[in-house]
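A.B. asks: All I have is the shape, not the residue letters:
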């Protein structure tokens, strides 16, 4: 533990852990490599058929994460007050998690509450036939094959 005194006039001494930059950079580099690889794969798969329609939301989430980290890193390393660093990293992690959860789950919540099930059509993987969901089937009713 080290202490640092911000301004000589103030009677304020701050205790903080003296962690080295070498211990901070490898996990950060690994996370950035994952973010970049996820972003590239999401960007390349954004035009694939309907089974891969989550790629756009993954790309938006990765893009906001990378922009947030680009702003976070210089601010974190130039802030001298340890309490401000803690507040900054907590805010950035909360903001990043919130955007990621919104990008992943808001389309599903929208579909649950606002999409009419009777108008959903599924396409078969083999042919170009489409079928819609029959919502008039009663429980324990045998439906003849068509």
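C.D. replies: Structure received. It should be emphasised that the depicted structure is a prediction, and the values quoted were computed from it without experimental measurement.
A.B. asks: other SSEs contacting the top helix by length along the chain?
C.D. replies: As assigned by DSSP state H, the longest helix anywhere in the chain is helix 82-114. In this structure, helix 82-114 makes packing contacts with strand 13-16, helix 55-78, judged by 3 or more C-beta pairs under 8 Å, 6 or more residues apart in numbering; DSSP states H and E. In this view, the C-beta of every residue, glycine as well, is placed from N, C-alpha and C.
A.B. asks: for the protein, which residue is closest to the average position?
C.D. replies: With distances taken as C-alpha atoms, centre = their mean, the chain has residue 100 as the residue nearest its mean C-alpha position (2.6 Å).
A.B. asks: ok, now which ones touch that residue?
C.D. replies: By C-beta atoms under 8 Å, 6 or more residues apart in numbering, residue 100 lies in contact with 61, 65.
A.B. asks: how close does it get to residue 35?
C.D. replies: Separation of residue 100 from residue 35 (C-beta to C-beta, to the nearest Å) stands at 11 Å.
A.B. asks: Thanks a lot, see you next time.
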